[in-house]
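J.: pasting the sequence and the predicted coordinates here, then a few questions.
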Amino acid sequence: MNSLDPRVTRLPQVGEVKPKKMLDQLGTFEVFVQAKDGKAFQHEGCVHAANLEMAYVLAKETFTRRFTCVSIYVVDTRDVFASITTEGNQSTYELIEQEPSSLPKKQFEIYQLAKRGKQHVNAGVVEAGSPAEALWIAKDLYGAGKIIYNVWAIEKNKIRFTADTEKDLWLTLPEKKFRDASDYKGGDKLKEFLERQKS
Amino acid sequence: MYGGGNTFEGIKTDSLAQEDPVKLAAFEARIARGEKIEPTDWMPQLYRKQLIRMIEQHAHSEIIGALPEGTWITRAPGFKRKLSLMAKVQDEVGHAQLLYSAAETLGKPREQMIDDLISGKSKYSNIFNYPTFTWADCCFISWLVDAGAIVNQLANAKGSYGPYCRALDRICAEESFHLKYGHHCVIYLASGTPKQRDMFQEALNRWWPPMMHFFGPSDKISAHTEILMRWKVKMGTNDDMRNQFLDMYVPKIWELGFTIPDPLLKKNPDTGKWNYTEPDWEEFKRVINGDGPCNKERLEVRRIAEERGRWVREALKASSAEYVMPLA
């Protein structure tokens, strides 16, 4: 290849690329971000990665590259137990039946969608034997008297959290002024140029 | 960064006749109320197909759009410009990740989109099929192509599909740095030596025709366009977007003392619309169909990257992780 970009010109030749088999790709992980201390975690989106640890690294790059936050965590999408989505005046909790579980108690993070078009926000943690039971418990704790359109239960020990010692990951951002629009003040230069043109 | 003027698939509008009329009415009522459509909601096939196509084209444009600018990273004038350009190119690739995720929620797996880009089945913004000969070409992209992209993206962010709107909100917030950075670069060239001024004037002459193509040809107002606009898939006509861009940026280009290579370019004070020489749509079609100066190179770079990354993907593949559709 003869390109204007010498790096492209140097690229090696490769054979034909075959289309991938259906779903021959990396796993899906959901990303949750805490914008400020004391604020609830919010669902932000997904990344694809080979494992939970890689998902964590990619989530940091994809969602907190520019916007500062204090903490993020990731979980395999398959570990998110979701309720049925409702609309209008119906709360998703109305569709949740009691489902007692005799399994040993575990902790579940509960995420609620209170407004269509927005994202799921953390409501708190419940202890239950199964994710279905966790939703039933969350119904009384967090859902009473409110219209919630969708709710998720995520087992806490399946989550890759940010450790306290890792929180300095985001401390470098203030130095990176060159990534901020405010670092590009061309106004004075422009004014000086326009005045020079006039004279 | 993104080239609008989406080419929508010519699906016959009578495909709507096969949809459940009750569900269709509820869907349309929801959009009319200003509510967003979410992945778990019922939606007509036509809506799903056109959105996948649009978001996918947008994602590909971010990936391919990083290439003409990336060319100048190694030769950026000075350390500060190099840092900024690297950050910008990294942003564009990050935007593609957000957009692929949004398209995935409609049911098309990410790797299939990448396959379709490499095979030429899906398109990306036509403007990236042109080469960046000098640093000034790179500055033109950073300032004005990004400006055009922002006009499109701000409009689309008011669309009806929730995951796409949320991705666009994040993208627009980051693009503000690109625009300021691009303008900064051009102010420096404009107020520099005569040689620097000439360099930007030449870049402007080269890029103006593709910039006018950027928003796509005038829409034929068909029943199909009308439906897409009612469903808030398409938020304005291509001509509206072009006019808005001209309105915002022509004065800024003139202010710097540059000449736009179109003798007919003038704002009509009565209508508030810009008059211009009709862009050469034959060339637009020719380039979009593969016969532009850089089409082959752009896809070849992607193809080589895909093939050279294969062993990494295979080494990473773990039986514990499995692809599933993202949640929202």
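T.: Right, received. Where do you want to start?

J.: so who does residue A:197 touch?
T.: By Cβ atoms under 8 Å, 6 or more residues apart in numbering or on different chains, residue A:197 lies in contact with residue B:257. Placement of C-beta: from N, CA and C, glycine included.

J.: can you point out the buried residues in the helix or strand where it lies?
T.: Element membership of residue A:197, judged by DSSP states H and E, is helix A:187-198. Buried residues in helix A:187-198, counted by 16 or more other Cβ atoms under 10 Å in any protein chain shown: A:190, A:193.

J.: quick one: average pLDDT of that helix?
T.: Helix A:187-198 comes out with an average pLDDT of 91.

J.: check the offset of that helix from the chain's centre.
T.: Offset of helix A:187-198 from its chain centre (Cα atoms, centre = their mean, to the nearest Å): 45 Å.

J.: alpha carbons only: can I get that helix in CSV?
T.: Provided in CSV are the C-alpha atoms of helix A:187-198 (Å, rounded to 0.1, in the frame of the first residue of the first chain):
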residue,chain,number,x,y,z
GLY,A,187,-9.8,34.5,21.5
ASP,A,188,-6.9,36.8,22.2
LYS,A,189,-4.9,35.6,19.2
LEU,A,190,-8.0,36.0,17.0
LYS,A,191,-8.6,39.5,18.3
GLU,A,192,-5.0,40.5,17.8
PHE,A,193,-5.2,39.1,14.2
LEU,A,194,-8.4,40.9,13.4
GLU,A,195,-7.0,44.2,14.6
ARG,A,196,-3.8,43.7,12.6
GLN,A,197,-6.0,43.1,9.5
LYS,A,198,-7.8,46.4,10.1
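
J.: separation between residue A:134 and residue A:153?
T.: To residue A:153, residue A:134 is 4 Å away according to Cβ to Cβ, to the nearest Å.

J.: between those two, tell me which one has more neighbours.
T.: Each of residue A:134 and residue A:153 has its neighbours counted (other Cβ atoms under 10 Å in any protein chain shown); residue A:134 has more, 28 against 24.

J.: just checking, the more buried one touches residue A:126?
T.: Yes: checked against Cβ atoms under 8 Å, the pair residue A:134 and residue A:126 is within contact range at 5.1 Å.

J.: what do these two both touch?
T.: A:108, A:110, A:153.

J.: identify those among those that sit within strands.
T.: A:108, A:110, A:153 (DSSP state E).

J.: so which of those reach chain B?
T.: Checked against chain B using Cβ under 8 Å from any Cβ of the partner chain, those give no members in range.

J.: closest one of those to residue A:12?
T.: residue A:153 (49.0 Å; Cβ to Cβ).

J.: where does chain A have low pLDDT?
T.: A:22-24, A:173-174 (pLDDT under 70).

J.: can you tell me the residue of it closest to chain B?
T.: Going by Cβ to the nearest Cβ, chain B is nearest to residue A:27 of chain A, at 2.7 Å.

J.: now the nearest residue to residue B:213 once chain neighbours are set aside: which helix or strand?
T.: Once flanking residues are discounted, residue B:213 sits nearest to residue B:284: 4.6 Å by Cβ to Cβ, 6 or more residues apart in numbering or on different chains. Here residue B:284 sits within helix B:281-286, counting by DSSP H and E.

J.: helices and strands around that helix, which ones?
T.: helix B:194-213 (3 or more Cβ pairs under 8 Å, 6 or more residues apart in numbering or on different chains; DSSP states H and E).

J.: would you map the strands across chain A?
T.: Ranges of strands in chain A, per DSSP E, are A:27-34, A:42-49, A:71-76, A:80-82, A:106-113, A:121-128, A:150-155.

J.: need the residues touching each of residue A:134 and residue A:153.
T.: With Cβ under 8 Å, 6+ apart as the test, residue A:134 and residue A:153 both reach A:81, A:108, A:110, A:126, A:128.

J.: make CSV from those residues and add neighbour count and distance to residue B:150 to it.
T.: Putting the shared contacts of residue A:134 and residue A:153 into CSV (neighbours: other Cβ atoms under 10 Å in any protein chain shown; distance: Cβ to Cβ, whole Å) gives the following:
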residue, neighbour count, distance to residue B:150
A:81, 16, 39
A:108, 26, 41
A:110, 25, 38
A:126, 22, 43
A:128, 23, 47
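
J.: determine which two of the residues you listed are furthest apart.
T.: A:81 and A:126, at 12.1 Å, using Cβ to Cβ across the shared contacts of residue A:134 and residue A:153.

J.: apart from its chain neighbours, what residue comes closest to residue B:273?
T.: For residue B:273, ignoring the flanking residues on the chain, the nearest one in space by Cβ to Cβ, 6+ apart is residue B:243 at 5.6 Å.

J.: quick check, the one you found in a strand?
T.: No: read with DSSP: H, G, I helix; E, B strand; the rest coil, residue B:243 is helix and lies in no strand.
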